[in-house]
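S.K.: no sequence on hand, only this structure:
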């Protein structure tokens, strides 16, 4: 059984948060490392191309979060306008 990548998700979560708060260009790799609590080694192991590959993973993760949210809201609402209003809250 392969080892669970314990630093992978925290790195992506930190990147999503930092990119949202301060933007891609103002977020450095050291910021992501510090915010994630991961050592630099795993950052380069999981994301060998550095910040661009972290950004790609962060965008994919953020998109998956939106999909989960919309699906959850669709299950709880009965119309598109109601879903949109619920999502805007």
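M.R.: Done, it's in. If you're wondering where the values come from, they're calculated on a predicted model, not measured in any experiment.
S.K.: which is the next helix or strand following the longest helix along the chain?
M.R.: Longest helix in the chain by number of residues (criterion: DSSP state H): helix 51-76. The first helix or strand that comes after helix 51-76 along the chain, using DSSP states H and E, is helix 80-88.
S.K.: same question for the host helix or strand of residue 35: list its buried residues.
M.R.: Here residue 35, judged by DSSP H and E, is contained in helix 29-36. By neighbour count on 16 or more other C-beta atoms under 10 Å, the buried set for helix 29-36 is 31-33, 35-36. Heads up, the C-betas are built off the backbone N, CA and C, glycines and all.
S.K.: and for stretch 71-85?
M.R.: Buried residues in stretch 71-85, defined by neighbour count with 16+ other C-beta under 10 Å: 73, 83.
S.K.: again, but for stretch 41-57
M.R.: Within stretch 41-57, the residues scored as buried using 16+ other C-beta under 10 Å are 42-43, 46-47, 51, 54-55, 57.
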